[in-house]
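# what's the 3D shape of this:
(one chain, ligands or ions: 2)
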Amino acid sequence: MLLSGISENLGLEEELMRRSLDLDSGFEVFVANYYPACPQPELVMGLPPHSDFGLLTFLIQNEVGGLQIQRNGKWININPISNSILVNTGDHLEIFTNGKYKSVLHRAVVNKVARISIGIANCPAMNATVRPAASPLIQSESFPPLYLPKKYSEYVEMQQTNPLNGKSCLDKIKINSPPLK
Ligand SMILES: O=C(O)CCC(=O)C(=O)O
Ligand SMILES: [Fe+2]
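Numbering: from 1, shown residues only. Ligands and ions are numbered 1, 2, ... in the order given. Predicted structure coming up:
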């Protein structure tokens with residue numbers, strides 16, 4: 001539903017994302033995070049800065065804050081809203097939309113009380129090769145593709161076998177095109 005809205009917003013053909021990423025064979029990846037109470041939270045990082053793989057991540061949390069996102073170089077607290085689901089954009093949405101929807105850089109800090117968060121990442125099929133959609137988002141000279149194609153499973157393996165480090169995985173497949181004049 002949300003992905004259909006995003007596709008519509010970008011003027012993409014309705015079934016393009018489902019077909020190109022074989023979403024009917026895609027996985028939902030479930031992650032549960034427990035951050036124990038910490039007497040000196042300012043000295044500890046719960047989860048270092050990173051962006052999530054996949055298209056969208058749905059996050060629920062107990063009523064303790066801790067999630068921060070980076071905007072214009074500053075870390076912003078995302079205070080939990082009860083009975084709500086927070087939606088984060090992931091790297092594969094950024095790749096597929098050729099950078100129109102950027103994956104959100106985020107981290108989790110700890111508190112003097114324990115915190116729990118549960119994330120469900122909505123993903124392409126493991127065998128799907130993810131690349132910027134063949135669509136008006138790419139128009140040869142003016143909007144060239146900004147990311148190299150990569151098999152989804154290989155991207156996940158790269159992310160999972162390296163320390164979390166900002167958007168470093170995405171940076172590895174970014175094409176550094178010269179700035180347009
Ligand atoms: O605990 C949080 O709020 C963030 C969790 C997270 O970013 C993740 O599991 O990828
Ligand atoms: Fe995350």
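# Close to ligand 1: what parts of this structure are there?
Within the chain, the positions adjacent to ligand 1 are 31, 33, 47, 52, 59, 61, 66, 67, 106, 108, 117, 119 by C-beta under 6 Å from any ligand atom. From N, CA and C alone the C-beta is placed, and that goes for glycine too.
# And those residues, which is closest to residue 143?
Distance to residue 143 across the residues of the chain next to ligand 1 (C-beta to C-beta) is lowest for residue 52, with 25.0 Å.
# Hmm, residue 12 and residue 18 touching each other?
No - with contact defined as C-beta atoms under 8 Å, residue 18 does not count as touching residue 12 (10.6 Å).
# Among these two, which residue is more densely surrounded?
More neighbours surround residue 12 than the other of residue 18 and residue 12, with 20 against 15 (other C-beta atoms under 10 Å).
# Count residues in the vicinity of the nearest residue in space to residue 116 that is not next to it in sequence, would you?
In space, residue 116 comes closest to residue 62 once its chain neighbours are excluded; the distance is 4.8 Å by C-beta to C-beta, 6 or more residues apart in numbering. Neighbours of residue 62 under the rule other C-beta under 10 Å: 16.
# Run a quick check on residue 62 versus residue 111, I expect a contact.
No - in this structure, residue 62 is not within contact of residue 111 by C-beta under 8 Å, at 10.7 Å.
# ok so, going back, make TSV out of the residues of the chain next to ligand 1 and add distance to residue 79 and neighbour count.
Listed next are the residues of the chain next to ligand 1 as TSV, based on distance: C-beta to C-beta, whole Å; neighbours: other C-beta atoms under 10 Å:
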residue	distance to residue 79	neighbour count
31	21	12
33	17	16
47	17	17
52	20	24
59	13	21
61	10	23
66	10	24
67	9	22
106	14	21
108	13	20
117	13	21
119	17	18
